[in-house]
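# sequence first, then the predicted structure:
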Amino acid sequence: MIEFQKHSLIQICSDVCINNKNLEILDDSEYIFFKKNDSNVNIYSGYMRNCQRCKHSSTSKIKLNSRPPFLFIKSIETNININDIPKNINVDGLNYSFLCTTIHKRDHFRAIFEIKNNLYLVNDLNKTMMPNIRAFAEIEPIIMNLPTTYSLFFLD
């Protein structure tokens, strides 16, 4: 589905483990996630297991198979809102900037785009684009607290 952002997952476990940062767990992963821990939103591969060798809990880092011009990142939980999405991310040494995020609402597409430091809300039901939603958010702060589903970032 997201062929252009295929990547390998490299195991990260104990610093003293021989498998730390050199064991390729998966070589054809496509999905990248945002996960919120406390108030921080981080890139997350979805992989968490105990290392076969050292038995410590392990996670993984993402090693991109190419230099994709865009990354689609899925919010893994509904606790990530628009204010939580970072403006810039670094994946495998490449810097990406925020372009847009979608807001979940059943049978309804809404997205927030950032263009030249201005946020725009696109709504499919009434076919509108609301400019300057930062000003609107001061009147209706709930808009910035809606849960996100997918975010799109472009390569700097």
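Noted; the coordinates are in hand. Residues are numbered from 1 along each chain as shown.
# compute the first-to-last residue distance for stretch 87-107.
27 Å (Cα to Cα, to the nearest Å).
# okay, buried residues for that stretch please.
I89, V91, Y96, F98, L99, C100, T101, T102, I103 (16 or more other Cβ atoms under 10 Å). C-beta: built from backbone N, CA, C; applies to glycine.
# closest one of the residues you listed to D28?
V91 (16.6 Å; Cβ to Cβ).
# touching, that closest one and I32? I think so.
Yes - here V91 reaches I32: they are 7.1 Å apart, a contact under Cβ atoms under 8 Å.
# which residue ranges form the strands in the protein?
7-12, 24-29, 32-37, 40-44, 49-50, 57-64, 70-75, 88-91, 94-105, 108-115, 118-123, 128-130, 148-155 (DSSP state E).
# least confident of the ones you listed, on average?
The weakest mean pLDDT among those belongs to strand 128-130, with a mean of 76.
# among the buried residues of stretch 87-107, which two are most distant?
Farthest pair in the buried residues of stretch 87-107 (Cβ to Cβ) is V91 and I103. Separation: 23.1 Å.
# which residues does the nearest residue to D156 once chain neighbours are set aside bridge with?
Closest residue in space to D156, ignoring its immediate chain neighbours: N95 at 4.5 Å, by Cβ to Cβ, 6 or more residues apart in numbering. Residues in a beta bridge with N95, per DSSP bridges, are N90.
# for K35, same thing?
Beta-bridge partners, per DSSP bridges, of K35: N42.
# from I85, how far out is it?
12 Å (Cβ to Cβ, to the nearest Å).
# distance of the residue nearest to D156 from I73?
14 Å.
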